[in-house]
Every structure is written in C-alpha cells, then in structure tokens.
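Student: quick one, structure for this:
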Amino acid sequence: MAATMTPHGPPLDLTHGRVEMSHGAGGRAMAQLIDQLFAAAFANPLLAQGNDQAVFTPPPGRLALATDTYVIRPRRFPGGDIGSLAVHGTVNDLAMGGAEPLYLTAGFVLEEGLPLGELAAIVKSMAAAASAAGVAIVTGDTKVVEHGHGDGVYINTAGLGVIRDPGLDLSGANARPGDAVLVSGTLGDHGMAVMAEREGLAFDPPLLSDSAPLGGLVAALLAAVPETRTLRDPTRGGLAATLNELAAQSGVGMVLEEAALPIRPGVRGACELLGIEPVNVANEGKLVAIVPAARAEAALAALKAHPLGREAALIGHVTDDAARRVEMVTTLGGRRVIDWLAGEQLPRIC
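Tutor: Next up, the predicted model:
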C-alpha cells in the first residue's frame, strides 16, 4: 500500500528511521522533519506564521527573558525526560522573577543516528510540558552533527515572560538580616533520580525527579505574601549553591537547621551511598523563598496549600554577616559552613 504523501514527502518512519545529516541540511528532509515532527507537536498561531521569527505585540508590564541549555544524561529518567526538563527549567527561571511565562524558543542539536521514534517521544513530552505550563513554543532551530560528535540530542530553550505587578522586585539582592528562609519541598529528588538511573541503582520506593513548572506555586505564594523578598530555584549545585549565591548578592549570611531540611529517606540513603551531600544535589521542581520573619508562617501555609508545596519547610534565617557565610546547625548541635560545591560531583544533571 502506498504511503500517504505530505507536502514534503512521505511520513517519517518513527519505527525504524534515524536522524540523518540531511535532516539539518536545509533541504526537503529538514522541511519534512520540521513539518511532521516539530510543527505538528508545537502547533500554535505564532509558530504557524512560518517565518524566521515570531512576531507578536508584547502585553503590558515588564518583560523577563531567560535561557538555558539541556544536556542531561540519560535523556529519559524517572519522572521526566530532556524534553519536559527543557520546558520546566526555563519557565521556572522566569517564575523566580515573578514573571508569567508567555513564549519559548527551542533549539535542537541532534546527533546523526538518533532514532526518530525517540526524538518524537521527546518532542511530544516537551509539547505536553509546555501546554501544562501555559506557554507556547513559537520559534526554533534544528542542527545535526555527525555520529560520535554529540550525545543524541541537546536542547536550548529561551523564555519570554511578563511581570504584571509594577512594584514586584524579587532580586537576589533583597535578603535582609532576620528574614526567614523556606524551601518548597524535599531536596535532592531530581539529582538522585538521575544518578540512580545512570548508575543502574535500584531503590524501594524508586527515586523520582521533581521536575515541574513552578509558576502556579509562585503565584500562590505572592498572593499570600506580596512582601516576599526573593525566590530562587535550587538547580545545579543544589541548596548550598543557591544560598551562597543569595548571600553574596545580598551581602548577608545565613544559618540553616539540619533537622529542618526535608529530605526523603531514599534520597538520603542514595547520597550516603555515593558520598554526596543532599544540599549539593540538583532540584528541578523546588524553590527557595526568603520572606520577612513576621510573614514566615503565612508563606509556609501558602506553600503547603499548593500541590507542589505540601512538604515545604522553614529551614533557617538570614544573618548579619559581612563574611557572607552560609552555616548549618547540625543535629548534634554543632555548626559547620555550607560552602559552594567543589568540582563536579554530578555531571550532566540537567
């Protein structure tokens, strides 16, 4: 039986087909890949313009722009894949500034030989994540490199969002001594899920990535506590890196309570097995919030009332420390410095 023809040739073979160099060469094969895979999955009016750019009228408010590149290995992991992660990571960067995500761009670097079926699954996952986050993928690009010169697929996304509240300022420079430090849920879930999958380690219950869009959680928090000082998502480098960044930006110190840190038993066990500190492990669906101490309980209640914040916790406070140290009071009553991660313990985690 003859295959049904499309404007740029027969349907892609998603069962046996693989990415070829011609898929990035600008000819018919590339047009076929774009039309049948990317444009079909990401369909929206701006993308349908078919131009080299998406043209739109910006809404009222301040615009926020973020970008990130995703090289995670393995490409699929418990709780997500590189496609959904490429959406969540960038819309979350926008959300940490209080921005409502509007549009994404998507750039793909494909390795020759990647199964087209796997690429289609990644694109489908990316489209579903974008839809759930309320954001449209409106323009993009595809390149193909020779076999052995990539690792299947890398994805870059850039996101544009709007901050509608003219008075909202969530800069990392806003933390003040006495402020409360909160986290929206358990730490280290994403990094340990990826590492366990990569190393073939099995845990009961299985470790799952926390990858998720945080815009709704941020909106709920800001509605309850508009005085929120700053937000940050503790991705690469984990909680330790995030708090050190904020301490440096604000010129303050921070003190955490080890007993208050929410960590799943499986994640704690995996960290002990691999010799990794949970505070250094990446998260992809959590946020750190710094709020005035008087508003800490209201912020905690707002986070806990949201499905993505049910395990939120008050974990410490901001101090007046010219040395900008981040310290932790241990469960034994001692105190130790929580420094930046030295070296690369968790490569290719996002």
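Student: give me the three-state assignment for Lys143.
Tutor: strand (DSSP: H, G, I helix; E, B strand; the rest coil).
Student: oh, that last question was meant for Arg336, not what I typed.
Tutor: Arg336 - assigned by three-state DSSP - is strand.
Student: could you find the closest non-adjacent residue to it?
Tutor: Met328 (5.8 Å; CB to CB, 6 or more residues apart in numbering). Every C-beta, even on glycine, is put in place using the N, C-alpha and C of the backbone.
Student: so what pairs up with that neighbour in the strands?
Tutor: For Met328, the beta-bridge partners under DSSP bridges are Leu256, Arg336.
Student: my guess is it meets Glu257, correct?
Tutor: Yes. Counting by CB atoms under 8 Å, Met328 touches Glu257, with 7.4 Å between them.
Student: who touches both of those two?
Tutor: Contact criterion CB atoms under 8 Å, 6 or more residues apart in numbering; residues shared by Met328 and Glu257: Gly316.
Student: tell me the pLDDT at the residue nearest to Arg336?
Tutor: On the pLDDT scale, Met328 is placed at 98.
Student: how much space between it and Pro278?
Tutor: As judged by CB to CB, to the nearest Å, Met328 and Pro278 stand 11 Å apart.
Student: can you check Lys143 too?
Tutor: Distance of Lys143 to Pro278, given as CB to CB: 37 Å.
Student: between those two, which one's more packed in?
Tutor: Neighbour totals were compared for Lys143 and Pro278, and Pro278 leads with 24 against 13 (other CB atoms under 10 Å).
Student: ok, the more buried one to Leu261 distance?
Tutor: Using CB to CB, Pro278 is found at 7 Å from Leu261.
Student: also Gly178?
Tutor: Going from Gly178 to Leu261 by CB to CB gives 21 Å.
Student: out of the two, which sits in the busier spot?
Tutor: Using other CB under 10 Å as the criterion, Gly178 and Leu261 rank with Leu261 on top: 20 against 13.
Student: need the pLDDT of the more buried one.
Tutor: Leu261 is given a pLDDT of 98.
Student: ok, back up a step: neighbour count for Met328 and Glu257, which is higher?
Tutor: Taking other CB under 10 Å, Met328 and Glu257 do not tie; Met328 has more neighbours (24 against 16).
Student: give the contact list for that one.
Tutor: Contacts here follow CB under 8 Å, 6+ apart; on that basis Met328 touches Val255, Leu256, Glu257, Glu258, Val279, Gly316, Arg335, Arg336, Val337, Ile338.
Student: for Ala106, which residues are in contact?
Tutor: Counting by CB under 8 Å, 6+ apart, Ala106 has contacts Phe38, Phe42, Ala86, Met126, Ile137, Thr139, Gly140, Asp141, Ile155, Asn156, Thr157.
Student: likewise Val135?
Tutor: Val87, Val91, Pro101, Leu102, Tyr103, Leu104, Gly159.
Student: can you redo those residues as CSV with secondary structure, neighbour count and distance to Thr230?
Tutor: Putting the contacts of Val135 into CSV (DSSP: H, G, I helix; E, B strand; the rest coil; neighbours: other CB atoms under 10 Å; distance: CB to CB, whole Å) gives the following:
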residue, secondary structure, neighbour count, distance to Thr230
Val87, helix, 30, 23
Val91, helix, 28, 18
Pro101, strand, 25, 19
Leu102, strand, 20, 22
Tyr103, strand, 20, 25
Leu104, strand, 28, 24
Gly159, strand, 26, 19
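Student: who's in contact with the residue nearest to Val123 when sequence neighbours are not counted?
Tutor: By the measure of CB to CB, 6+ apart, the closest residue to Val123 outside its immediate chain neighbours is Ala41, 4.7 Å from it. The contact partners of Ala41, taken as CB under 8 Å, 6+ apart, are Val123, Lys124, Met126, Ala127.
Student: can you check Pro115 too?
Tutor: Gly17, Arg18, Val19.
Student: run a quick neighbour tally on the last one.
Tutor: Using other CB under 10 Å, Val19 is surrounded by 26 other residues.
Student: was I right about it contacting Gly113?
Tutor: Yes. Between Val19 and Gly113 a contact is recorded at 6.4 Å, counting by CB under 8 Å.
Student: ok, the contacts of Met328 vs Thr228, which is closest?
Tutor: Gly316 (16.0 Å; CB to CB).
Student: what is the burial count for that closest one?
Tutor: Residues contacting Gly316 under the criterion other CB under 10 Å number 25.
Student: try Thr139
Tutor: Neighbour count of Thr139, defined by other CB under 10 Å: 20.
Student: now do the one 3 residues further on
Tutor: As a burial measure, the neighbour count of Thr142 was computed by other CB under 10 Å and equals 18.
Student: for the nearest residue to it once chain neighbours are set aside, what are its contacts?
Tutor: Nearest residue to Thr142 in three dimensions, chain neighbours excluded: Phe108, at 4.8 Å (CB to CB, 6+ apart). Contacts for Phe108 (CB under 8 Å, 6+ apart) come out as Phe38, Gly140, Asp141, Thr142, Lys143, Val153, Tyr154, Ile155.
Student: and Pro59, how far from Leu160?
Tutor: 10 Å.
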